[in-house]
Every structure is written in C-alpha cells, then in structure tokens.
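Q: Need coordinates for the below:
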Amino acid sequence: MPKRKWVFDINDKKHEVLLKFGLFSGRQILLDGNLINKGRNTFETGSEFQFLVDGHNVDLGIVSTATGYEYYLRVDNDFVFPTNTKNKKIGKSTAKIFEDRQKWEDLGTKHGMNYYPLPNAPFALRHRLIGYIQNFLVIVGVGSRQVGDNSISGFYIQIRHTSIDSEKSKDIKNNEIIKKTLKEMKVSADWLEINPELSSLFITSGFKKASETETVERLLSFFYVISPHLRPALAGKCEGIECKSPFYRDLTLTLINGLPFAMCNECIDRIDDIAKKAEEEYKNQPSNLLKGTVYGLVATILGAIVWALVFIFLDRIGAVFAVFIFFIVVKAMDYANTKRTFISLSIASCLGLIGSIAGTYIGIAGYLFKEGEFELTLNEFIQLARFLLEEPELINQTILFALIGLVPYLFIAWSGNRKNLNLFFKPDVELVKNFELRQ
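A: Here you go, the predicted model:
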C-alpha cells in the first residue's frame, strides 16, 4: 500500500498528515512528524481514524475497493486531497460511503436524532443514531445477532425506560398489537427483548427487500407501538452501580458493551476498577466441580434415556443427540453453580460421550426387547455388553457421531464463555461526550 501525504492550513498554520504502511511496522499515521496512530495490519478492510488538530476535527479514511484502496482526509467535513498524487477527485467507493452516511444523517434530522458513528468499526457497520423521542433515549444502528453458531447482520433499536418487573415484561410481549406488528414485520418475537431498564428489537437486513433507510424507518415506527407501555427513564440521575451521588448533574452518555448509561465522571473512572474487582471475586468463587459432576451424571442418565428412546422408536442416532446430552449436562452443572471453565466443559463433553454410549446400549436392549428377542435379566444385559465389545461397530459409530457433535460444540461453548467473561471483566467503554443528556 502506497504512502499518502496531506498538507493543510488551520488558522494560518501549516500541518502535515502522513499515512504509510510497512511490512513489519504495519499502519502508521503521523501528524507533523509525530506518530499518533499505529496498527498491526498491513492490509485494511476499511476504517476511519479521527483526531483533533488545533481544536478542529480531522478524519482519515482507508476504503477497500475491488481493485485496491481509496484514501481520504477531511478537516471539519471538508475534503483535503493528497499532495503526492495527481488524482484530486473523491473515489467512487468513498463517495458511496458518504452518500450512505448522508442518508443516515437526514434520517436522524427527520426524527430529531443525531448521527454518532461507531468508532473503529468497518464503514458498513458504523451507522448509528442517538437521540430523544418522546423523552425516551433511543439508539438505532447497524448490528448483528448471534443465532446458534451464526451471526446475522441487521439493524437494532434500543429504548431506555424506567425499571419494569417481569410481569410487566410478559404483558408487553403478549400484547396483541405488539405481536401483530412483529408478525407484519416478519420478526421473531424472540428478537424483541424486554429488560428491566432497556428494551430492544433486532431486525434482519433487507426486510421485505426494503432499502436500508426504509428498514430503519420501520424500526423507528415500532418505537411508537411499544412506547405507550413504557415510561421514560429518570433524567439527571447517574446510573453507576456504586455512585455515591446519583443526582450528580455533570453526566456523560456512556456505552458499556453497547448498552447506554448516564454516568458521572467519578463512576466512569471506576469502571475498570469495578470490572477488576468482579473478576477477582469470580476467581475466588468455589468451582463446585464435584457437585456439578454429580448433577451432570443425573443429566447424563436422562439424556441417555432420550437417546435410547430415539434409537428404539426412530432407529436413528446422530451428532445432534450427543450435543443435546452435552447441553443438558452443562445446564445441570450451571444449576449446581459450577464455574464454566475448560475443565468443567470437558467433563460435560465426556459425560455427553458416556451418555451417548449408554443410550445406544439401552436403545439396543430396548429394541431387542420390543422385538421379543431380549429378556430383562442381569445375564441378558451382561451378554449384550459382551457382544457389543466383541462386535464394536455400532458403538464405534456412536462414538464417531458423538465426537462429530461434541468436539466443535465444546470449542464453541468454551470460546463463547471466554468471550462473555471478557465482555464482563474487560468491558468495551465508549464515551459519547458530544451528546447532550437531558438533566
């Protein structure tokens, strides 16, 4: 990737921004000869970097195209062209990015919201509107939702409101108008989340082949369907969990893992300390591994019975049944307050494998009994076990199917647990300082 150099004046003072890439040094951005940003990646998928120069906003963008890259620099929203290239035009891909951005800004203006792009995100995922509608703090943006092992892209709306209990939450979810609206939008009711102080709805991209703007408009229209069932959150109150002065007036909109909170500076400064304290408390908690294993054994027996019934009546075995046993074992261990670690998840996997083998053994016995070829005596069970050991083809097939399901699911469960813990102990904190919270 080539170098790009921009030279511009601010208050009659000349400044220089240099963008360069090195095989080992990666991406480097220099302002007046001083390194202000460095990245490890030599190749970019598209990103924008924002910084201040003498109090003026400067945006430097790297846009990935089908044939290479386009670069831009804007000072207070005005484009500055590189001095070391002949091309003094905005690239087509860059122009498309700002056309999309303008649509979001216009949409925000229409609904009384402001455009606050998500920092350090790819261009297609940066769009976000934040503002007040009917005194509710509302956030609308591009996002994704995890469905099974897949991540689905789409759009979301978040609504902050006063605290509601579980009964009120159920009433809202079961409201006929809301259910009808979701059905018309072809949105799963599970994608409407009613939490005590924050409700949200996710909708997939291309709803009814609508444009991005039309889809976001649809989300915003849903706000007016659900808002009569909610009340705006109390303004001028710090929402830090350990705030010593909750009615502190100087509040900043703080997004913690994407969730909005109004917080004072003292609570913002304590976020990392609170997260570290929670991590230490988690580490000091008992693992409850023995208790969890006992609970897991009970779940294994239940899973083996289900496996056997499927084998007897459907004559089927498959990886999905091993995952089912693993799933109920994990849930049983969770019920025993067992820590989810690689060791505990590995034990759950082993119990899942044991449950699969036991389910096949019980299933064969049940199938033979159904056909009148097996008697429910100890000697018959011992003979069947010997037969399966001497002719292990069916057991080997069971183990193979079980491992096909268990090995990847063990990795998914373990990595997912690590991700969740990292979000909790090392939260992503974004301060939207130029957003004016209502006091």
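Q: For residue 260, name its beta-bridge partners.
A: Per DSSP bridges, the residues bridged to residue 260 are residue 255.
Q: how about it, what does it touch?
A: Residues near residue 260 by C-beta atoms under 8 Å, 6 or more residues apart in numbering: 130, 137, 139, 158, 160, 198, 253-254. The way it works is simple: take the backbone N, C-alpha and C, and place the C-beta from them, glycine included.
Q: Include pLDDT and distance to residue 422 when you put those residues into TSV, please.
A: Listed next are the contacts of residue 260 as TSV, based on pLDDT from 0 to 100; distance: C-beta to C-beta, whole Å:
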residue	pLDDT	distance to residue 422
130	95	25
137	93	27
139	95	23
158	95	22
160	93	25
198	93	21
253	92	23
254	93	19
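Q: quick one: which of these is nearest residue 112?
A: Ranked by distance to residue 112 (C-beta to C-beta), those are led by residue 130 at 10.9 Å.
Q: burial measure for the closest one, as a count.
A: Residues lying near residue 130 (other C-beta atoms under 10 Å) number 20.
Q: Next: residue 83.
A: Residues near residue 83, counting by other C-beta under 10 Å: 11.
Q: swap in the one 3 residues further on?
A: Here the neighbour count serves as a burial measure; for residue 86 (other C-beta under 10 Å) it reads 6.
Q: Now it: which helix or strand?
A: Secondary structure assignment for residue 86, by DSSP states H and E: no helix or strand.
Q: quick one: it from residue 53, how far?
A: 25 Å (C-beta to C-beta, to the nearest Å).
Q: What is the neighbour count of residue 285?
A: 10.
Q: and the gap between it and residue 370?
A: Applying C-beta to C-beta to residue 285 and residue 370 gives a distance of 48 Å.
Q: now swap in residue 346 and tell me
A: On the measure of C-beta to C-beta, residue 346 and residue 370 end up 36 Å apart.
Q: Residue 228 now?
A: In terms of C-beta to C-beta, residue 228 sits 58 Å off from residue 370.
Q: Residue 94 too?
A: 70 Å.
Q: Looking at those two, which one has more neighbours?
A: Set residue 94 next to residue 370 and count neighbours by other C-beta under 10 Å: residue 94 wins out with 19 against 11.
Q: Could you pull up the residues touching the more buried one?
A: 61, 63, 70, 72.
Q: Okay, and the beta partners of the third one?
A: If I follow you right, that is residue 70. Assigned bridge partners for residue 70, using DSSP bridges, are residue 63.
Q: My read is that it contacts residue 63, right?
A: Yes. Counting by C-beta atoms under 8 Å, residue 70 does reach residue 63; the two are 4.2 Å apart.
Q: Mind listing the shared neighbours of these two?
A: 91, 93-94.
Q: Contact partners for residue 38?
A: 25-29.
Q: Most distant residue from the centre of this structure?
A: residue 379 (54.1 Å; C-alpha atoms, centre = their mean).
Q: Output the contacting helices and strands for the strand or helix carrying that residue.
A: Using DSSP H and E, the element containing residue 379 is helix 378-390. Here helix 378-390 touches helix 342-370, going by 3 or more C-beta pairs under 8 Å, 6 or more residues apart in numbering; DSSP states H and E.
Q: Mind giving me the packing neighbours of the helix it packs on?
A: Using 3+ C-beta pairs under 8 Å, 6+ apart: helix 342-370 touches helix 289-314, helix 319-335, helix 378-390, helix 393-425.
Q: Would you mind finding the most buried of these?
A: Mean neighbour count (mean count of other C-beta atoms under 10 Å) peaks for helix 319-335 among the helices and strands packed on helix 342-370, with a mean of 22.
Q: Residue 38 and residue 80, how far apart?
A: From residue 38 to residue 80 the distance is 22 Å (C-beta to C-beta).
Q: What of residue 162?
A: From residue 162 to residue 80 the distance is 47 Å (C-beta to C-beta).
Q: Compare those two (neighbour count), which wins?
A: Set side by side, residue 162 and residue 80 show more neighbours around residue 80, with 17 against 11, by other C-beta under 10 Å.
Q: Low-confidence ranges, the chain, go.
A: Applying pLDDT under 70 to the chain picks out residues 1-2, 40-45, 147-150, 205-210, 248-249, 313-321, 439.
Q: tell me the domain boundaries of it?
A: Taking automatic domain parsing as the domain assignment, the record places the domains of the chain at 4-90, 101-233, 286-425.
Q: Quick one: closest of those to residue 242.
A: Nearest to residue 242, of those and by C-beta to C-beta, is domain 286-425 at 15.9 Å.
Q: Export stretch 119-136 to PDB, keeping only CA atoms.
A: Only the C-alpha atoms of stretch 119-136 are listed here, as PDB (Å, rounded to 0.1, in the frame of the first residue of the first chain):
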ATOM      1  CA  PRO A 119     -15.700   4.300  16.300                       C
ATOM      2  CA  ASN A 120     -13.200   1.800  14.800                       C
ATOM      3  CA  ALA A 121     -15.800  -0.200  13.000                       C
ATOM      4  CA  PRO A 122     -16.000  -1.100   9.300                       C
ATOM      5  CA  PHE A 123     -17.800   1.500   7.300                       C
ATOM      6  CA  ALA A 124     -20.900  -0.600   6.700                       C
ATOM      7  CA  LEU A 125     -21.300  -1.200  10.500                       C
ATOM      8  CA  ARG A 126     -20.600   2.300  11.700                       C
ATOM      9  CA  HIS A 127     -24.000   3.900  11.200                       C
ATOM     10  CA  ARG A 128     -25.800   4.800  14.400                       C
ATOM     11  CA  LEU A 129     -28.400   7.400  15.500                       C
ATOM     12  CA  ILE A 130     -28.800   8.600  19.100                       C
ATOM     13  CA  GLY A 131     -31.400  11.000  20.400                       C
ATOM     14  CA  TYR A 132     -34.600  11.600  22.400                       C
ATOM     15  CA  ILE A 133     -38.000  10.700  21.100                       C
ATOM     16  CA  GLN A 134     -40.900  11.500  23.400                       C
ATOM     17  CA  ASN A 135     -38.300  11.900  26.200                       C
ATOM     18  CA  PHE A 136     -37.100   8.300  25.700                       C
END
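Q: Show me what counts as buried in it.
A: Across stretch 119-136, burial judged by 16 or more other C-beta atoms under 10 Å covers 121, 123, 126-133, 136.
Q: Among the shared contacts of residue 70 and residue 63, which ones are in helices?
A: 93-94 (DSSP state H).
Q: out of the shared contacts of residue 70 and residue 63, who's nearest residue 356?
A: Using C-beta to C-beta, these come closest to residue 356 at residue 93, 51.3 Å.
Q: ok, now which ones touch the closest one?
A: 63-65, 70.
Q: what do you get for residue 303?
A: Applying C-beta under 8 Å, 6+ apart, the residues contacting residue 303 are 324-325, 328-329, 352, 355, 359.
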